[in-house]
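Enquirer: Have a look at this fold, sequence not included:
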């Protein structure tokens, strides 16, 4: 079973142990501001293979490489002017930029799924300290079985992958609770590959142009989170529910009660006050809590789709997709 080290109580031991495991080519569970990641050396094929093995992740699904600073980022990715402006504005933070792989980059082809592009992100907090101390990018998808609900606490990781990894670093609940927003610049135009913890409007304000949202149905997988079925609980997911069927688990929003919720297996409200930021931070945790009731279906009430609501809706639609 994995060792769990609280980074706030024993920072030096957490850092030392993390580097030792990473140097041995094995993955660790790494806390970030978005969700907990399953991190390993992005330059080693055996280390990348261990991520795919632990997660049961399809190898055509590329991984994001996490960096500690711009110098490390530019050793591995070629930044166009728009991508560079976005990196300067939002890093460290919940933005992943898909850029052309730089000549001589040591990031292993397994991490890029053979593509000539590379997803790069600079995380905030303790994860950045680990990467800086390690000296190489870390590939780090979410620390959960592939396709399932993403983890926002160390306990979530332990329940899912604790028997398969050596170390879980515990920095408390993830502050954002949704994976990073992923964008790609093509011919000077911005494409949204995955909505996430950074709102599209903030990106557009810095880029000075709209963020294109092309239809990705059936499109090649260019970045994580593009598979049709993802973030899925054991239960079926019913969206835009206006009532609750007996025995369903209900996850609602905005403090509005639904008819029939007195017969629900559990009733959870992502944000009684209607805060999308609060809803995003609670989404995956509440999905796990609802799933743990054993209900056959989790019903979600309607939610706004502006701002962070776009990313929340994306996760819910993929959770509800045929598996």
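Expert: That came through, no problem. As the structure is a prediction and not an experimental result, all values here were calculated from the model. Numbers count the residues shown, from 1 in each chain.
Enquirer: For the stretch 51-200 of the chain, give me the ranges with low pLDDT.
Expert: For the stretch 51-200 of the chain, applying pLDDT under 70 flags the ranges 57-60.
Enquirer: Enumerate every residue touching residue 185.
Expert: For residue 185, the contact set (Cβ atoms under 8 Å, 6 or more residues apart in numbering) comprises 80, 82-83, 97, 99, 191. All C-beta spots, glycine's among them, are computed from the backbone N, C-alpha and C.
Enquirer: what are the ranges of the strands in the stretch 51-200 of the chain?
Expert: Remark: strands assigned in the stretch 51-200 of the chain by DSSP state E, counting those that start in this stretch are 64-66, 77-78, 95-101, 117-121, 138-139, 167-170, 181-186, 189-194.
Enquirer: Contact partners for the nearest residue to residue 188 once chain neighbours are set aside?
Expert: Leaving aside its sequence neighbours, residue 188 sits nearest to residue 82 (Cβ to Cβ, 6 or more residues apart in numbering; 6.6 Å). Contact partners of residue 82, counting by Cβ under 8 Å, 6+ apart, are 185, 188, 190, 207, 209.
Enquirer: Return the member of these nearest to residue 164.
Expert: The closest of the contacts of residue 82 to residue 164 turns out to be residue 185 (Cβ to Cβ; 36.5 Å).
Enquirer: Return the set of residues that bridge with the closest one.
Expert: Residue 185 has these beta-bridge partners by DSSP bridges: residue 190.
Enquirer: That one and residue 116: what is the separation?
Expert: 14 Å (Cβ to Cβ, to the nearest Å).
Enquirer: repeat for residue 160
Expert: For residue 160, the distance to residue 116 equals 33 Å [Cβ to Cβ].
Enquirer: Looking at the two, which is more packed in?
Expert: Neighbours per residue (other Cβ atoms under 10 Å) separate residue 160 from residue 116, with residue 160 holding more: 20 against 7.
Enquirer: so who does the spatially closest residue to the more buried one that is not a sequence neighbour touch?
Expert: Distances taken as Cβ to Cβ, 6+ apart place residue 144 nearest to residue 160, at 5.2 Å, with adjacent residues excluded. By Cβ under 8 Å, 6+ apart, the contact set of residue 144 is 38, 55, 150-151, 156-157, 160-161.
Enquirer: Then residue 263?
Expert: Neighbour list for residue 263: 244-247 [criterion: Cβ under 8 Å, 6+ apart].
Enquirer: Please state the backbone phi and psi of it?
Expert: Dihedral angles of residue 263 (phi, psi; degrees, to the nearest 10) stand at phi -100, psi 10.
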